[in-house]
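[1] Predicted coordinates and the sequence they were generated for:
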Amino acid sequence: MSVARADVLVVGLGPAGAAAAEAAAAGGARVIAIDRRAQAGLPVQCAEFVPMMLGVETAAVSTARVQDITTMATYVREAAADITPDFRGHMIDRAAFDAALVARATAAGADIRLATALRTVAPDGTCTLGCGTTLSPRVLIGADGPRSLVGRAVGLPNIDLMETRQITVDLISAHDATDIFLRPEIAGGYAWLFPKGKVANLGLGIAPEKKHLLKPLLDELHAELLAARRVGPKIHAHTGGLIPVGGITGLAARLGPTQVLLAGDAAGLVNPITGAGINAAVLSGRMAGQAAAAFLKGDAKAPDDYAEEATDLFAPSIALALTRRRELLAAYAQGRPDDAALRQGWIAYDKYWSRTPAQSPREVKEPA
Ligand SMILES: Cc1cc2nc3c(=O)[nH]c(=O)nc-3n(C[C@H](O)[C@H](O)[C@H](O)COP(=O)(O)OP(=O)(O)OC[C@H]3O[C@@H](n4cnc5c(N)ncnc54)[C@H](O)[C@@H]3O)c2cc1C
């Protein structure tokens, strides 16, 4: 059995792990970053929308940008769309985006190892990889997504997970809005049509106990949009995946002498209403990588500072979304939510934001 040496082991090379590996390596740490996937970003499990702000944070957005989004159109049942103007963002090629972030980590000096899975984490933080190699890093960064093994090893798993299903179809006419479909039958979730040049991602997310409805509901929506001549019949790709919707699990922990930091989906940094998590993954990953480098240089408080700063940054929007999600699920528990309840549970509407002073749909700029 071989032994590898690194100051920092990053598990997962999605947006969180790649950003963490880049930041830790740029900060002078010896970094090994692994992903069980053979190619970064593939297969794509994403609707590929990112908020405008992320383009300011990382050049990977411009590398992967396919088209811009200007508005959001929300369809409540069969009613005409409610338009949220000035809802700006980009549709990206997610595989190209993840690959660009990994290229940045490589350029910063991280040792990137694809097709390499983390198999076990011992109580002292010793990690065993699928190939049998063991490592005892001083800092272990868990950026390994919704079902994070690192998160489970420190007792901070994601408990609530939303199920999704998505197809990519032809788009009949160019479109620059993210279309959202709120329907009572999509329990605890919603459907989306996100345009991506000549094609569009059409999908939905739903509470796990309704997982069996994913396919029939998606088939039904596809048929409706086909009849409305908005999309074509051909399905170019199928995907899906889990989205953590239970809020922040935790950001820093210890396993014996090993400092553990969680980032992105592994830390539950996803908006429990929209399911958006790319922005938070990149930002939290970068912050975790910087904290790892600072810790290795002797700043013993860096992990706690990371936890505090990430909580300050992400907790307010996640907490509000959690409240709205619980209200929505409570409405389902009593039967089916009415239109008012569906609207209160979506970011396009004043009632969603009603605890925050005087925010109108016009001011909704970031989904997470
Ligand atoms: C269908 C769908 C649509 C979505 N649409 C959007 C959207 O439009 N906009 C948005 O902002 N968010 C969206 N999200 C959420 C978004 O994809 C995630 O929030 C984002 O990918 C989180 O990044 P991450 O790096 O934390 O985790 P991930 O991207 O999940 O990366 C984790 C990585 O860890 C690797 N890994 C896991 N376990 C191990 C292991 N044991 N060993 C080695 N490697 C491991 C995985 O292979 C993976 O590459 C969507 C999610 C789904 C499922």
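    It's in.
[2] Stretch 166-179 and the ligand, are they touching?
    Yes: under the criterion of CB under 6 Å from any ligand atom, the ligand is reached by stretch 166-179 at residue 166. C-betas here are computed from N, CA, C, even on glycine.
[3] Am I right that residue 105 sits in a helix?
    Yes: remark: residue 105 belongs to a helix, assigned using DSSP: H, G, I helix; E, B strand; the rest coil.
[4] how much space is there between it and residue 127?
    18 Å (CB to CB, to the nearest Å).
[5] Residue 172 now?
    According to CB to CB, residue 172 stands 49 Å off from residue 127.
[6] One more: residue 156?
    17 Å.
[7] Kindly report the same for residue 232.
    When CB to CB is the yardstick, residue 232 and residue 127 sit 46 Å from each other.
[8] which of the two has more neighbours?
    More neighbours surround residue 127 than the other of residue 232 and residue 127, with 26 against 17 (other CB atoms under 10 Å).
[9] wait, that one sits on residue 139?
    No: with contacts defined as CB atoms under 8 Å, residue 127 does not count as touching residue 139, sitting 11.5 Å away.
[10] what touches both of these two?
    Taking CB atoms under 8 Å, 6 or more residues apart in numbering as the contact rule, residue 127 and residue 139 both touch residue 9.
[11] low-confidence ranges in the stretch 251-368 of the chain?
    Under the criterion pLDDT under 70, the flagged ranges of the stretch 251-368 of the chain are 355-368.
[12] Residues of it that sit close to the ligand?
    Residues of the stretch 251-368 of the chain lying close to the ligand (CB under 6 Å from any ligand atom) are 264, 265, 266, 270, 275, 276, 277, 278, 279, 281.
[13] In this structure the second one contacts residue 16, no?
    If I follow you right, that is residue 265. Yes: judged on CB under 8 Å, residue 265 makes contact with residue 16 at a distance of 7.1 Å.
[14] what touches both of those two?
    Overlap of the contact sets of residue 265 and residue 16 (by CB under 8 Å, 6+ apart) consists of residue 281.
[15] give the contact list for whichever residue of the stretch 1-150 of the chain sits closest to the ligand.
    Of the stretch 1-150 of the chain, the residue with the smallest distance to the ligand, taken as CB to the nearest ligand atom, is residue 14 at 2.3 Å. The contact partners of residue 14, taken as CB under 8 Å, 6+ apart, are 35, 41, 98, 143, 145, 264, 265, 281.
[16] do that again at 7 Å, thanks
    With contact taken as CB atoms under 7 Å, 6 or more residues apart in numbering, residue 14 is in contact with 98, 143, 145, 264, 281.
[17] Residue 277 too?
    Under the criterion of CB under 7 Å, 6+ apart, the neighbours of residue 277 are 264, 265, 269, 270, 368.
[18] could you redo the last one with a cut-off of 8 Å?
    Applying CB under 8 Å, 6+ apart, the residues contacting residue 277 are 243, 244, 264, 265, 269, 270, 271, 368.
[19] And the strand or helix carrying residue 314, what does it pack against?
    Under DSSP states H and E, the secondary-structure element containing residue 314 is helix 302-333. Packing contacts for helix 302-333, counted by 3 or more CB pairs under 8 Å, 6 or more residues apart in numbering; DSSP states H and E, involve strand 252-255, strand 258-262, helix 278-296, helix 339-344.
[20] Next, the angle from the longest one to strand 258-262.
    Between the axes of helix 278-296 and strand 258-262, defined by axes from the mean of the first three to the mean of the last three CA atoms, to 10 degrees, the angle is 160 degrees.
[21] And helix 278-296, how far out from the chain middle?
    Taking CA atoms, centre = their mean, to the nearest Å, one finds the center of helix 278-296 at 15 Å from the center of the full chain.
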